[in-house]
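here is the input, now give the coordinates:
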Amino acid sequence: MAKVVKANLKMKIKAGQASAAPPVGSTLGQYGVNMMDFINPFNDATKDMMGKTVTAHITIYDDRSMEFRVVSEATDDRIRAALGIQKGSGRPNSEKVSKKLTQAQLQQIAEEKAKDMNADDVAAIKKMVAGTARSMGVEVEA
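Have a look, this model is predicted:
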């Protein structure tokens, strides 16, 4: 028989730096889960991405066991890092960011995000990344 899911959580955590302090400790503690069963495997799984903020999708079951999946750095964070900007535009339709995303940068970001996306084709992933860039007020070179 399948386990009964008690909660599905999403947390943004610095890779390799999860600790019992909030948000991890307080969030997992309220479900009665042993937080060290998450912290140690998470830190081991993300030690090669040290310093980047990743998203952890955590499924907690009724018997207090859990599973988690790590999604790499967010697309908008990658775009900002590639362009060297602090933030996107507050009004993306009327005010554009001064820098443009090149096709080479778009290709690189799409290839890095391929394992996390729900598409097989890099061209489709490039379209998703370009859409994220446009929603930030970043123009994409043709």
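
and the strands in this structure?
5-14, 53-61, 66-71, 100-101, 139-140 (DSSP state E).

what's the pLDDT at the closest residue to Gly137 other than its chain neighbours?
For Gly137, ignoring the flanking residues on the chain, the nearest one in space by CB to CB, 6 or more residues apart in numbering is Ser89 at 2.6 Å. All C-beta spots, glycine's among them, are computed from the backbone N, C-alpha and C. If you check Ser89, the pLDDT there is 84.

and Ser89, how many residues sit next to it?
Neighbour count for Ser89, taken as other CB atoms under 10 Å: 16.

on that earlier part again, and of the strands of the chain, who's closest to Asn118?
Nearest of the strands of the chain to Asn118, taken as CB to CB: strand 66-71 at 11.6 Å.

helices or strands next to that closest one in the packing?
helix 36-45, strand 53-61 (3 or more CB pairs under 8 Å, 6 or more residues apart in numbering; DSSP states H and E).
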